[in-house]
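S.K.: Quick one: sequence plus predicted model below, questions after.
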Amino acid sequence: MKLKAKTQVPKSWLKRPVVTMYEDGTNIQWTWDYLSSDESGTLVRKGHTFNPWWGCTRVSPACDFCYADATAACKYPLEKIWGAKAGRRFFGNDHWKILPRLDKRAQRDGLPIKVFVASMCDYLEILHKGHKKKEQMEMFRGFLFDQMSERRHL
């Protein structure tokens, strides 16, 4: 879906924290490894994030300031993916190639890579019977567990 350049973002979203994710890693620092370096001090190897889907149901008052909801609202302002009745944002086959690619890189380098799984969803969420995305979520959750068990270097 193509958005117009001047999409209005509600002011309340601007007060929420936003986490930026980069192709070469994430700025979520607890996923980083600090490797010693001979001359230049400390070398940082960034970790990664992987999300089987985006969206979840708010379950407590702590969810009022959810960074994942704020990030999704900024990136996809016209999609409703948060809430018990809302849809979820699922990804195609290319997205699922990320974990095998990271696993190969970690094996090649001889260093495990930390991956924060489900920073933009609750992968243990159980949708109510009849939810339009229930079957799709259960399929992707099973695929996620298979992927996690096969990745020996992450």
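M.R.: That came in fine, so what should we check first?

S.K.: what's the closest non-adjacent residue to Ala106?
M.R.: His153 (3.6 Å; CB to CB, 6 or more residues apart in numbering). For glycine as for every other residue, the C-beta is placed from the backbone atoms N, C-alpha and C.

S.K.: Okay, and that neighbour sits in which element?
M.R.: Using DSSP states H and E, His153 sits within no helix or strand.

S.K.: In this model Arg101 seems to touch it, though I could be wrong.
M.R.: No - assessed by CB atoms under 8 Å, His153 is found out of contact with Arg101, at 11.3 Å.

S.K.: In terms of packing, which of these two has more residues around it?
M.R.: Neighbour count, other CB atoms under 10 Å: between His153 and Arg101, His153 has more, with 15 against 9.

S.K.: Pull the contacting residues for that one.
M.R.: Residues near His153 by CB atoms under 8 Å, 6 or more residues apart in numbering: Asp103, Ala106, Gln107, Pro112, Ile113.

S.K.: most neighbours, which of the residues you listed?
M.R.: Ile113 (21 neighbours).

S.K.: So for that one, what's the pLDDT?
M.R.: With respect to pLDDT, Ile113 scores 86.

S.K.: One more: the one 10 residues further on?
M.R.: For Tyr123, the model assigns a pLDDT of 90.

S.K.: ok, back up a step: Thr71: which of the contacts of His153 is nearest?
M.R.: Nearest to Thr71 among the contacts of His153, counting by CB to CB, is Ile113 at 21.8 Å.

S.K.: and the longest helix for the chain?
M.R.: Ranked by number of residues, the top helix in the chain under DSSP state H is helix 134-150.
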